[in-house]
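> Sequence and predicted structure below; questions after.
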Amino acid sequence: MAELSAVRQELRNRNLSSSFGEPQCTSPQKDEQQKLAVPFCGGIRGGLRPGKKLTIMGVVDADPDSFDISLTCGCEDVALDMCVRFEDREILRNACVSDSWGEEERSIPYFPFIAEQPFRVEIHCEHARFLVLVDGHQLFDFYHRVTPLTAIDTIQISGSLTITKLN
């Protein structure tokens, strides 16, 4: 988690942000490639709400250590921090509210990520939880710890991956 905090601070210092509207993006063109560079920080216009879905498509690096996908309230509270760790083949999930990290969740039915292979992560925002699917298969639920959902207006991605599409 300390590494992710350092990345967040670096993003704040560099003032990186991109707004992808609803969010709706297409496959990146040359000028868009730089917008999807890792570490990535982008806005979610209007924040999240039940029924909204985020899709992250990418490719895992050849020799991956870890990668993180975080949904945040700007640079403050973290509604969902998903840390994929390859050495331990685990996906840690947590939230940070008012500078206090909650209880970490680890249980997953399988580890879906493979070095040098593409993936598709879908994060569905529902009334009580985030439903997370990888390559069309449900991986975990994460019950909301941050409210209101509309305050969750930023996505941050860092680590051993290349982002190919975000919408």
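Perfect, thanks for sending it. Numbering: from 1, shown residues only.

> This structure: helices as residue ranges?
With DSSP state H as the criterion, the chain has helices at 2-14, 30-35.

> And these, which one averages the lowest pLDDT?
Lowest mean pLDDT within the helices of the chain: helix 2-14, at a mean of 47.

> What count of nearby residues applies to the closest residue to residue 90 other than its chain neighbours?
Among residues not flanking residue 90 along the chain, residue 106 sits closest, at 5.7 Å (Cβ to Cβ, 6 or more residues apart in numbering). Heads up, the C-betas are built off the backbone N, CA and C, glycines and all. Neighbour count for residue 106, taken as other Cβ atoms under 10 Å: 12.

> Quick one: residues contacting residue 106.
90, 91, 92, 93 (Cβ atoms under 8 Å, 6 or more residues apart in numbering).

> Among these, which lie within strands?
90, 91, 92, 93 (DSSP state E).

> Take those and write them to TSV, including neighbour count and distance to residue 47.
TSV is the format used below for the ones in strands among the contacts of residue 106 (neighbours: other Cβ atoms under 10 Å; distance: Cβ to Cβ, whole Å):
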residue	neighbour count	distance to residue 47
90	14	29
91	22	24
92	17	24
93	21	20
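
> State the distance from residue 71 to residue 139.
15 Å (Cβ to Cβ, to the nearest Å).

> How much space separates the residue most central in space within the chain from residue 121?
The centroid of the chain falls nearest to residue 69 when counting by Cα atoms, centre = their mean (2.3 Å). Distance, residue 69 to residue 121, by Cβ to Cβ: 7 Å.

> shared neighbours, the two?
residue 56.

> what's around residue 164, how many residues?
16.

> same question, residue 112
Residue 112 has 18 nearby residues by other Cβ under 10 Å.

> Same check on residue 71?
Quick note: residue 71 (other Cβ under 10 Å) scores 26 neighbours.

> do the same with residue 142
19.

> now the one 3 residues further on
Residue neighbour count, defined by other Cβ under 10 Å, stands at 15 for residue 145.

> Report the mean per-residue pLDDT for stretch 103-110.
96.

> correction: stretch 37-52
Rounded mean pLDDT across stretch 37-52 is 95.

> Quick one: end-to-end distance for that stretch.
End-to-end distance for stretch 37-52, by Cα to Cα, to the nearest Å: 24 Å.

> Rounded mean pLDDT for stretch 134-149, please.
In this model, stretch 134-149 has a mean pLDDT of 96.
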